[in-house]
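Enquirer: Give me a model of this one.
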Amino acid sequence: MEETIILLREQTIFCSRLLKLFADLTESLKKNSLNMVEIVNQIEPAVMELSKNSRKSQEFLKKVHFANFKDFINSQENGIQKDVATRLLMHSNDLQTKLQRCLKSVKLLTEKGKAFVDFNLNVMSRTSTKSTYGAEAQTGSQSGRRLFDANV
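Expert: Residues are numbered from 1 along each chain as shown. As a prediction, the model looks like this:
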């Protein structure tokens, strides 16, 4: 049971850290801030640690012949360790749910940002000037050139 508590505590810590980092990334994307690279660089090691914890957890559950922590904890006798493990499991599950919502938000913001950049590149690529490109100005549907078109 001690190993279960250790694994769930680590999982809770990593999920909390990732939740904070993804919240920071969301705010950074909304404000168009320049510190996104720093945040992403902090996210990568946290995800790696959570991945290691997940592998350890799967190995532990395989060793004790249970499919998940909930079943394992419920099979144990009542006591302080069972209560601690149950609370950690509930907290970890709650953090994972919040983390999934935060990931959806970040994904949506990055998709909208990509669409915005693609749109602006298409607008800029459709217009040429005589002094720059040596041709008459072309605008609107007369220009067939569409860089980074999402429909291609």
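
Enquirer: From residue 21, how far off is the most centrally placed residue in the chain?
Expert: What sits nearest the mean C-alpha location of the chain, by C-alpha atoms, centre = their mean, is residue 103, with 4.1 Å. From residue 103 over to residue 21 the distance is 11 Å, taken as C-beta to C-beta, to the nearest Å. Heads up, the C-betas are built off the backbone N, CA and C, glycines and all.

Enquirer: and if you look at residue 76?
Expert: 33 Å.

Enquirer: Next: residue 87.
Expert: 24 Å.

Enquirer: higher neighbour count, the two?
Expert: residue 21 (18 against 13; other C-beta atoms under 10 Å).

Enquirer: Pull up the gap between that one and residue 69, please.
Expert: Distance from residue 21 to residue 69, by C-beta to C-beta: 24 Å.

Enquirer: repeat for residue 119
Expert: For residue 119 relative to residue 69 (C-beta to C-beta), the value is 46 Å.

Enquirer: just checking, what packs against the lengthiest helix in the chain?
Expert: The longest helix of the chain (DSSP state H) is helix 80-125. Counting contacts by 3 or more C-beta pairs under 8 Å, 6 or more residues apart in numbering; DSSP states H and E, helix 80-125 packs against helix 2-31, helix 69-75.

Enquirer: The longest one - contacts with which helices or strands?
Expert: Pointing back at helix 2-31 there. So helix 2-31, by 3+ C-beta pairs under 8 Å, 6+ apart, packs with helix 36-63, helix 69-75, helix 80-125.
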